[in-house]
Every structure is written in C-alpha cells, then in structure tokens.
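Undergrad: model the structure of this input:
(one chain, ligands or ions: 2)
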Amino acid sequence: MRNYSPSITTMIRMDHTHVMAAFHRYHADTPWWRKRAIVELACTALEIHAQLEEEIFYPALEIALPGDDTLQKSKPEHDQMREDIAKLRGMGPDDAAFDARFMKLMREVIHHVADEETVLIPTAERALTSQLSTLGARMTRRRMQLVAQKRPAAIAANTVGTFPLASLAVVSLGMLAVAYCLRPSSTRRARRP
Ligand SMILES: [Fe+2]
Ligand SMILES: [Fe+2]
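TA: Ligands and ions are numbered 1, 2, ... in the order given. I've put the predicted structure just below:
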C-alpha cells in the first residue's frame with residue numbers, strides 16, 4: 001500500500017525551522033521568565049529532534065553512506081548539545097553566564113543544522129528516495145511517544161505563560177493531522193467507530 005506520510009527530510013527541515021524561530025525570540029533584554037520558557041522549549045525540541053535523528057534518520061543514512069565524515073560527527077555534536085543543555089538547566093536565567101551559554105548552544109546548533117541541510121538531507125533525498133515517506137511515518141510515531149514523555153517538563157517550564165506553549169507538541173500533532181488527512185478516505189472511514 002502506498003505510504004502518504006510526509007517525508008522524513010520534510011519533517012527534519014520543519015523541526016529546524018521551529019528551533020530557529022525559538023532562537024530568534026531570545027534577546028539579551030528579554031525578561032527572565034520569557035528566556036526560561038524559550039530555552040526550555042528550544043532545548044526540549046532539540047532533545048526530541050536529536051533522538052529521532054539518531055534512532056531513525058542516521059541509521060538509514062549510515063547504510064546509504066557508510067563512513068561519511070559529516071554523518072560521523074553528527075552524533076558527537078548531539079552529545080555536545082546535550083551537555084550544554086544540561087548546564088543551562090542547572091543555571092537560572094538571571095545567572096550572568098546564562099546568555100553566553102545559550103548563545104554558545106545556538107551557534108553550535110546553527111552550524112550543525114547547516115551541515116544537515118547542505119550535506120545530509122540532500123544526500124538522503126538522492127540515496128533514500130523510496131524510503132523517505134516510510135521513515136517519515138516512523139518518525140511521527142516515535143515523536144508522539146517522546147513528546148508524551150517530555151511534555152510535563154515543557155509545560156511546567158511554560159506556566160508563566162505568554163510564550164506560546166509547546167510548539168513542538170503542536171508541530172508533532174500537526175504532522176499527525178497532516179498524515180491522517182493525506183491518507184485515503186476509505187482508510188479514514190474504516191477507522192471510525
Ligand atoms: Fe542533528
Ligand atoms: Fe537536525
């Protein structure tokens with residue numbers, strides 16, 4: 001049966017776009033409570049994104065591109081990102097080093113994303129053409145599990161409020177809705193009670 005899921009590379013690009021949008025909301029003079037919300041949201045989205053890539057995207061690429069240099073350094077870059085996130089979570093936004101630490105994380109992520117978007121994703125779209133939708137469906141299913149695990153922490157960090165809550169959850173739910181709507185109507189009808 002044909003798979004109507006969005007491709008895994010479309011999902012990865014969308015994740016990158018949402019994280020970059022969160023970065024653009026962060027400024028040195030942003031109120032501390034808003035900084036906290038932005039950072040927690042960006043960090044949670046990055047953790048989920050990195051785990052999805054490591055579980056689904058990178059292994060598929062490893063088969064298509066064994067030993068590729070950009071691919072080999074991707075996992076260590078995720079590990080560095082996780083270290084930075086752990087340090088950020090141990091600091092308050094009123095800590096003098098908080099801005100510098102988050103700026104460092106942003107620079108590293110921007111560099112990493114540039115490598116993925118200029119090297120890994122175009123390569124995947126050439127080498128994995130027939131698998132992209134199947135991998136996308138796997139990513140959507142796994143994302144829902146990870147969002148369910150991470151959501152309580154993200155919500156707790158956003159209780160102060162005005163930051164639009166959990167765009168990562170909205171994105172994942174939106175992607176599920178897109179996948180659902182793109183399925184053949186006969187399939188949708190069959191699932192109704
Ligand atoms: Fe990555
Ligand atoms: Fe990525």
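Undergrad: switch to C-alpha atoms for all contacts and neighbour counts from now on
TA: Fine.
Undergrad: what's the residue most central in space within the chain in contact with, if anything?
TA: With distances taken as Cα atoms, centre = their mean, His49 lies nearest the centre of the chain, 3.0 Å away. Counting by Cα atoms under 8 Å, 6 or more residues apart in numbering, His49 makes contact with 12, 15.
Undergrad: rerun at 6 Å
TA: By Cα atoms under 6 Å, 6 or more residues apart in numbering, His49 lies in contact with nothing.
Undergrad: any idea how far it is from Met11?
TA: Plainly put, His49 is 10 Å away from Met11 if you go by Cα to Cα, to the nearest Å.
Undergrad: any idea how many residues pack against Ile63?
TA: By other Cα atoms under 10 Å, 11 other residues sit near Ile63.
Undergrad: now it: which helix or strand?
TA: Assigned by DSSP states H and E, Ile63 falls within helix 58-64.
Undergrad: the following helix or strand past that helix - what's its average pLDDT?
TA: Once the chain leaves helix 58-64, the next helix or strand it forms, by DSSP H and E, is helix 69-89. For helix 69-89, the mean pLDDT works out to 95.
Undergrad: now helix 69-89: buried residues?
TA: By neighbour count on 16 or more other Cα atoms under 10 Å, the buried set for helix 69-89 is 71, 74-75, 77-78, 81-82, 84-85, 88.
Undergrad: before we move on, what about stretch 118-137?
TA: Residues of stretch 118-137 classed as buried under the neighbour-count rule (16+ other Cα under 10 Å) are 120-121, 123-124, 127-128, 132-137.
Undergrad: point out where this structure drops to low pLDDT.
TA: Applying pLDDT under 70 to the chain picks out residues 1-3, 151-193.
Undergrad: tell me how far whichever helix in it runs longest lies from the chain's centre.
TA: For the chain, the helix with the greatest residue count under DSSP state H is helix 132-157. Centroid separation for helix 132-157 versus its chain: 9 Å, with Cα atoms, centre = their mean, to the nearest Å.
Undergrad: stretch 116-133 too?
TA: Chain-centre distance of stretch 116-133: 17 Å, with Cα atoms, centre = their mean.
Undergrad: again, but for stretch 16-26
TA: The chain centroid and the centroid of stretch 16-26 are separated by 11 Å, computed with Cα atoms, centre = their mean.
Undergrad: list the buried ones in the helix or strand that contains Ala100?
TA: Ala100 belongs to helix 98-115 when assigned by DSSP H and E. Within helix 98-115, the residues that count as buried by 16+ other Cα under 10 Å are 98-99, 102-103, 105-106, 108-110, 112-113.
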